[in-house]
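Enquirer: next comes the sequence, and after it the predicted model I'd like to discuss.
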Amino acid sequence: MRRFTGSSDKDLIRRKHGRKRPVTSLTYSGSMTNAAPVTMGAIVLGRLWVDVESYRAEFAGRALTLSRSQLELLAILAANRNRVVSRDELSEALRLARGRSVDVLLSGLRREIGRDFVRNIRNRGWIVEPGTLEER
C-alpha cells in the first residue's frame, strides 16, 4: 500500500483525487454566460450573509462551517437568486470534474443551513427560494 508523506488528511484527499487548486478570487462572469458575476464583498439574502472576500458565511447570526466549494456554490446561487442555474453552469464555475458533485455540495449546504432554501426545477437546475431564508 502506498503511503503519502506529508501533512494532513486534507492533503491526502487532494492528492488522491488530484485536486490541487489555489485559492483564487470568485468571479464567474466568464464561465457562466447568463449568470450575474459574484463580486467581492458581502451578499445578503434574508438572514443569510455570505462574505466572498473573507470566505465566511452566516445564517441568522450563526457562523456556517462550509468547505471552499460549498461557499462558492452558495455565493453563486445567492448572486443568481432570480434565475434557474443549471448543473452544467455550476460544475463549470466550480471547476468540478463531475456534474453530480453539485448535488453532494447542495446536500451539505442544506444540512448546514438547516433549511431547504434551494428548489430543484426538473431538467433545468436550481433556484433559490428567498422566502425560506426569512424570519420564521
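Expert: Okay, I see it.

Enquirer: strands of the protein, start to end?
Expert: For the chain, the strands defined by DSSP state E cover 42-45, 48-51, 56-59, 62-63, 118-121, 125-128.

Enquirer: closest to Glu72 out of the ones you listed?
Expert: strand 48-51 (9.7 Å; CB to CB). Backbone N, C-alpha and C define where each C-beta goes, glycine included.

Enquirer: which residues sit against the closest one?
Expert: If you take CB atoms under 8 Å, 6 or more residues apart in numbering as the criterion, strand 48-51 is touched by 41-44, 56-59, 71, 74-75, 78, 113, 117, 133.

Enquirer: least confident of the strands of the chain, on average?
Expert: Comparing mean pLDDT across the strands of the chain, the weakest is strand 42-45, with a mean of 88.

Enquirer: contacts for that one, please.
Expert: Surrounding strand 42-45, the residues in contact under the criterion CB under 8 Å, 6+ apart are 49-53, 75, 78-79, 81, 128, 130, 133.

Enquirer: again, 10 Å this time
Expert: 49-54, 56-59, 74-79, 81, 117, 128, 130, 133-134 (CB atoms under 10 Å, 6 or more residues apart in numbering).

Enquirer: state the pLDDT value of the residue lying closest to Glu134 once chain neighbours are set aside.
Expert: Using CB to CB, 6 or more residues apart in numbering and skipping the chain neighbours, the partner closest in space to Glu134 is Gly46 (4.6 Å). For Gly46, the pLDDT comes out at 87.

Enquirer: wait, what's in contact with Gly46?
Expert: 59-60, 78, 81, 115, 117, 128-135.

Enquirer: residues near the residue nearest to Ser86 when sequence neighbours are not counted, how many?
Expert: Nearest residue to Ser86 in three dimensions, chain neighbours excluded: Gly125, at 3.8 Å (CB to CB, 6+ apart). Residues near Gly125, counting by other CB atoms under 10 Å, number 19.

Enquirer: quick check: beta-bridge partners of Gly125?
Expert: Ile121 (DSSP bridges).

Enquirer: distance of it from Asp88?
Expert: 8 Å (CB to CB, to the nearest Å).

Enquirer: the closest residue to Gly108 other than its chain neighbours and Arg122: what is the separation?
Expert: Counting by CB to CB, 6+ apart, Gly108 lies nearest to Gln70, which is 5.7 Å off, once chain neighbours are set aside. Using CB to CB, Gln70 is found at 23 Å from Arg122.
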